Structures are given as C-alpha cells and as structure tokens.
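1. Attaching a predicted model along with its sequence, questions to come.
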Amino acid sequence: MSLVFPGAAPDLVAEAEAWIVALETERRLSPKTSDAYRRDLRQCLSFLCEHFGESVTLQRFEALTPPDLRAFMAARRREGIEGRSLMRALAALRSFARHLERAGVGKAAVFAAARSPKLSRRLPKPIPVAEARQMATADALAEEGRPPWVAARDAAVLALLYGSGLRISEALGLRRDQAPLGKGHVVVLGKGNKTRMTPVLPVVAEAIELYLSLCPLPLPPAGPLFVGTRGGPLSARVVQLTVERLRGTLGLPASATPHALRHSFATHLLSRGGDLRSIQELLGHASLSTTQIYTAVDSARLMQAYRDAHPRA
C-alpha cells in the first residue's frame, strides 16, 4: 500500500503521483498549494477506502456518486473542517479528475457537478475608537533611533486608512500632487480602476502636512506621495510591520492590521448614525451587500452592550 496515498490501489496511486508532478511542473503551483492538494486527495482516498471497505481503484474512483462525495464532505465537517478548507479540497479533487480525463484513463463527473460548500462570512474586527486614533499619531510611532519623518509618514498613512477608509493600496498609490492639503478630499483609484472622491478630515490633512514638512527626500509632483527611506514608493509590507510593532506597544490583538483601520472607519461611522449608502460610496464598494456586513458588526456590539448592561440579561 502506498504511504503517500493510503487506501488507493496501485493504478490510482500512479495517476495521483503523476498529477502531483504536473501540478508542480506544468501548472507551477507553489509547494504549499501542492502539498495541500496532495493532502486533500490523500484524505479523500483514505475515507473512500474505509467507506467501501477496500482499496480504491481507478474504476471505483470513476464510478463515485454524489452520495459518496457528500459522505466524504460530511465526514470532514464532523472533524471540524471549515467551509474554505472544504472548498479547497473540492477544487483539488476536481483538478485530479481533470487530470484523469486528460490522461485518458477515466472521468469523475461527480466532482464537476458537486456544489461548493457555503462559506460563513467572516465579520471584520474593528479596532476600538481610542486605540484607532492613537495608532495614527506620530507620538505612538516614535522610536529611539527612528527618524522623526518616518514616524510622521507612517502616522499619515494610518490616518488616511482610518480617517478616510482607504485601502492600503489606495493610500500608497497616491501621487505627491494628489496630497489633500487644503482640499478637504482626496481622489483615489480603487478596485476595478474606479475612481472615487473621499473626504479628508483636517486632522488627517495635518498629519500629511507634517510628514511633508519633515521628509528630507525630493517628492516630485508625479512621484509617490509616500516614500521609503531610499526614496522609492513605500511598501505595504513596511506599513504592516509598523502596525505589528504598534500592536505590542498598545496591547492590541493580532486582528489589528492596516486593513482593520478601514473596517473601523466603516463600523464607527455606522455606530454614529451613518447610512449604508453613504458608507458604501465612501468605501468604494460596488455592491451594497458588501457594505451590509458592517450592520452585523454593529449589531453584535449593541447586543453585547445590552447583555452586559441589562439587569435581567
């Protein structure tokens, strides 16, 4: 019996190994994805071997029925596997079935007809107001040996994420001549190459102005507004590392990321009476259903406050 694919007959093992080689050489999947696909197929074949009471041959695999597949997915659910992992497993099995078809050794139509598992939508985790405001201050970012202009730059970027609800790519994609000084708004290029105008609070404009006044590097009008220490465009990874350090300084959870500041922007607006349509436009969401996720976030906050405060809760 194969150690890599226990439960599979020799003819199926040979095709499984050929499939893995094709994933790594022809499709050039990353080693991590290739390992995950291999693991998904191994788990499926192990289950089917137990399910049928014998090793799984090519012929048996080709003859799989929807109840067989549902039984495998149900078993994985009982083991606590989430929808996203199940979806990846189904994608791996479909890929293997396509390999069998291309190799001319069989078909497994059951995978093509299978419905993808429903995904539970993850609720964004906003940062509390006080901490979000503190994250976007140069004082919180000041470190010994760190140039003041770098702390001011990072504070200005984080202020834009929280104060205007920008994606990190949108903030770092701004040119110097787009700096929102004295304008009260900024025009950004969002997903799908769609532009939108977003208000900029005076305190955010002041943070950007402080950064510009301290930056020792030349900033040509058509060049990036935010630059690294060598003068090139500021990397998103630099901002992420800055926030990682802030988490330790401010005692924030791992969910406090640059993108969480955008979530906080939307959630805090909604909790203060902002309407969904306006928040949708500010965030640049193509669909209102995407924005509606924040109603669930705010409802959860309200229900928790109710449970904590009501005498009969």
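-> Nice, thanks for sending it over. Residues are numbered from 1 along each chain as shown.

2. switch to C-alpha atoms for all contacts and neighbour counts from now on
-> Noted.

3. Any idea how many residues pack against A130?
-> Residue crowding around A130 was assessed by other Cα atoms under 10 Å; the count is 8.

4. now it: how far from A74?
-> 44 Å (Cα to Cα, to the nearest Å).

5. swap in G80?
-> The separation that G80 has from A74, given Cα to Cα, amounts to 10 Å.

6. quick one, which of those two is more surrounded?
-> Taking neighbours as other Cα under 10 Å, G80 and A74 compare with A74 leading, 14 against 9.

7. Tell me the pLDDT of that one.
-> The per-residue pLDDT reported for A74 equals 88.

8. that's a helix at it, yeah?
-> Yes. Counting by DSSP: H, G, I helix; E, B strand; the rest coil, A74 is located in a helix.

9. can you pull the contacts of it?
-> Contacts here follow Cα atoms under 8 Å, 6 or more residues apart in numbering; on that basis A74 touches nothing.

10. wait, what's in contact with the residue nearest to the spatial centre of the chain?
-> Centroid-nearest residue in the chain: H259, 9.0 Å away (criterion: Cα atoms, centre = their mean). Residues in contact with H259, defined by Cα under 8 Å, 6+ apart, are 161, 167-168.

11. if you set the cut-off to 10 Å instead, what comes out?
-> 124-126, 158, 161-162, 165-168, 240, 265 (Cα atoms under 10 Å, 6 or more residues apart in numbering).

12. Equivalent analysis for F61, please.
-> By Cα under 10 Å, 6+ apart, F61 lies in contact with 8, 12, 45, 48, 97, 106-108, 110.

13. Return the distance of the strand or helix carrying R70 from the chain's centre.
-> Element membership for R70 (DSSP states H and E) is helix 66-78. What separates the centre of helix 66-78 from the centre of its chain is 27 Å, taken as Cα atoms, centre = their mean, to the nearest Å.

14. Mind checking which of the contacts of H259 land in helices?
-> Judged by DSSP state H, the subset of the contacts of H259 located in helices is 158, 161-162, 168, 240, 265.

15. Which one (most neighbours) among the residues you listed?
-> L158 (30 neighbours).

16. per-residue pLDDT, it?
-> Per the predicted model, pLDDT is 94 at L158.

17. And P218, by the same measure?
-> Model confidence at P218, given as pLDDT, is 94.

18. measure stretch 70-86 end to end?
-> Here the two ends of stretch 70-86 are set 11 Å apart, with distance taken as Cα to Cα.

19. Run a quick neighbour tally on the nearest residue to V13 once chain neighbours are set aside.
-> If you skip the residues right next to it in sequence, V13 has F5 as its closest partner in space, 6.5 Å away by Cα to Cα, 6 or more residues apart in numbering. In terms of burial, F5 registers 22 neighbours under the definition other Cα under 10 Å.

20. With only the CA atoms kept, save stretch 238-246 in CSV.
-> Extracted C-alpha coordinates of stretch 238-246, given in CSV (Å, rounded to 0.1, in the frame of the first residue of the first chain):
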residue,chain,number,x,y,z
VAL,A,238,6.6,48.4,5.8
VAL,A,239,3.2,49.6,6.9
GLN,A,240,2.2,46.1,8.1
LEU,A,241,5.4,45.8,10.1
THR,A,242,4.8,49.2,11.7
VAL,A,243,1.3,48.1,12.8
GLU,A,244,2.8,44.9,14.1
ARG,A,245,5.1,46.9,16.4
LEU,A,246,2.1,49.1,17.4
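
21. Now do the helices in the stretch 51-200 of the chain.
-> Counting by DSSP state H, counting those that start in this stretch, the stretch 51-200 of the chain has these helices, from start to end: 58-62, 66-78, 83-103, 109-113, 129-135, 138-141, 148-164, 168-172.

22. so who does V21 touch?
-> Residues in contact with V21, defined by Cα under 10 Å, 6+ apart, are 15, 27-28, 34.

23. Give me the ChimeraX select line for these, limited to the buried ones.
-> To isolate in ChimeraX the members of the contacts of V21 that are buried, counting by 16 or more other Cα atoms under 10 Å, one can use:
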select :15,34
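
24. And the furthest pair within the contacts of V21?
-> Of all pairs drawn from the contacts of V21, the one with the largest separation by Cα to Cα is E15 and R28; the distance is 17.9 Å.

25. which stretches of the stretch 1-150 of the chain have low pLDDT?
-> Scanning the stretch 1-150 of the chain with the threshold set as pLDDT under 70 gives 1-3, 113-114, 116-124, 144-145.
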